[in-house]
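K.L.:
Have a look at this prediction, sequence included:
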Amino acid sequence: MKKQVCILGSTGSIGTQALDVIRQHADLFEVYCLTANDRYEELAAQAHAFRPAAIVIANEAHYQPLQQLMSDMPEVKVYAGKDALDQIVEADPIDIVLTAMVGFAGLSPTIHAIRARKKIALANKETLVVAGELICQLALQYHVDILPVDSEHCAIFQSLVGEDQNEIDKILLTCSGGPFRLCSHEQLERVTAADALKHPTWEMGAKITIDSATLMNKGFEVMEAKWLFGVPADRIQVLIHPQSIVHSAVQFMDGSVKAQLGVPDMRLPIQYALTFPKRLHLDGDRLDLFRQPLEFLEPDMSKFKCLSLAYDAINRGGNMPCILNAANEVVNAGFRRGDCSFLGMADVIEQTMAQATFDANPDYEVYIQTDAEARRIAAELMNGRQTTR
Ligand code: NDP
Ligand code: MG
């Protein structure tokens, strides 16, 4: 029986690479559902190539034109709207839901998928940043496996295979350092979104590429590792590793360090999440350690304030990571539009964290309210800074 896969966010960087993996293993996987937000033409093209049972366009404004593009394939059901995402993940035939949507919007369908007992291949790290505790509780309650797609967490997960009985001493979370690793503070004042979008080692969607340039992405990944592997943040060490070859490592009580290495290629962690515990052939480059010096450096938290804000949010706990995430989504989009400077992003996030309502024991409803409130505050702060410039 082929595994039926639902890809939330199939038109994005992770989504298209996942389709490449599925194409290479068509004997094992079948696409049950594909979803997108705006790129309905790409979604329709994917539907023609993969013939899923259903497709969903989250932005309802694109429903009519999408339906028209699909008129020659009446067997593919076409749905629109956010609620349709929550409903489609529950469809009986689905075995695995790959959460490759970006941002807070991924939270609700992920919760629905867990409640419907679907295996989760988790790329949407914002889900764990915002509501890690709730997601872990639900996964336990519904006996659902969450397999990490993020390359670092996949590396940690691989390093932990066969180590169930052994305590983790420390997680070594690697980070490329992004395109501005060597920039001075003065240079950072002037960098633009176009500069930030040139990531040295990975090709990813725009939002995560900016998060990688500010190192907010690494702060998010500390939270992601904390929830996925049950290790407190003070035992997760961030190492700048510009080559992105050692994808992360685990140190055990006897001093052994196990790591996973490979050329940067997201198809590997995507495939591993889909096929675990099996490994399958993957085409692509192989690592040549003779040609590859490996460096490890400490991150500069004073230069990359977003990383230190993420640690602050972890230490505060409660809904603070949700506040951090919402403010970050606002300034990240603002920076890409040219409405916020690179260094201004951390300032707005910091002020939003100071102003938004703190809740030490949030539930789902609190996360929804917090997200809305923090977005409003961050947008006001960002627009205020713009008009006083
Ligand atoms: P992209 O921006 O490339 O793709 C995002 C996908 O989500 C697109 O299909 C997009 O649709 C859809 N989408 C965006 N907003 C919404 C919304 N509000 N509702 C429903 N669907 C939406 O992102 P990436 O593929 O780079 O990243 C996806 C997730 O994976 C992120 O959480 C990221 O942090 C994580 N991740 C990504 C990595 C990478 O290498 N790219 C590595 C590790 C983690 P449309 O195309 O129509 O806009
Ligand atoms: Mg990563």
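P.N.:
Now that the structure is in, tell me what you want to look at. Ligands and ions are numbered 1, 2, ... in the order given.

K.L.:
From residue 76, how far off is residue 283?
P.N.:
When distances are taken as C-beta to C-beta, to the nearest Å, residue 283 and residue 76 turn out to be 29 Å apart. The way it works is simple: take the backbone N, C-alpha and C, and place the C-beta from them, glycine included.

K.L.:
ok, the two, which is more surrounded?
P.N.:
When residue 283 and residue 76 are compared for neighbours, residue 76 comes out ahead with 18 against 8, by other C-beta atoms under 10 Å.

K.L.:
so what's the residue of the stretch 51-200 of the chain found nearest ligand 2 up against?
P.N.:
Closest approach of the stretch 51-200 of the chain to ligand 2 (C-beta to the ion) occurs at residue 150, with a separation of 4.2 Å. Residues in contact with residue 150, defined by C-beta atoms under 8 Å, 6 or more residues apart in numbering, are 122, 123, 125, 221, 224, 269.

K.L.:
Packing partners of the host helix or strand of the fourth one?
P.N.:
Element membership for residue 221 (DSSP states H and E) is helix 216-229. With contacts taken as 3 or more C-beta pairs under 8 Å, 6 or more residues apart in numbering; DSSP states H and E, helix 216-229 sits against helix 125-141, strand 146-148, helix 151-159, strand 168-175, helix 206-214, strand 236-240, helix 305-316, helix 320-337.

K.L.:
how about these, which one is nearest residue 36?
P.N.:
For the helices and strands packed on helix 216-229, distance to residue 36 was read as C-beta to C-beta. The smallest value, 14.9 Å, belongs to helix 206-214.

K.L.:
Restrict the closest one to CA atoms and write it as PDB.
P.N.:
Listed next in PDB are the C-alpha coordinates belonging to helix 206-214 (Å, rounded to 0.1, in the frame of the first residue of the first chain):
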ATOM      1  CA  ALA A 206      11.800  34.400   1.700                       C
ATOM      2  CA  LYS A 207      10.600  34.500   5.300                       C
ATOM      3  CA  ILE A 208      13.000  31.800   6.700                       C
ATOM      4  CA  THR A 209      15.900  33.300   4.700                       C
ATOM      5  CA  ILE A 210      15.400  36.700   6.500                       C
ATOM      6  CA  ASP A 211      15.100  34.800   9.800                       C
ATOM      7  CA  SER A 212      18.400  33.100   9.000                       C
ATOM      8  CA  ALA A 213      20.000  36.500   8.400                       C
ATOM      9  CA  THR A 214      18.900  37.900  11.800                       C
END
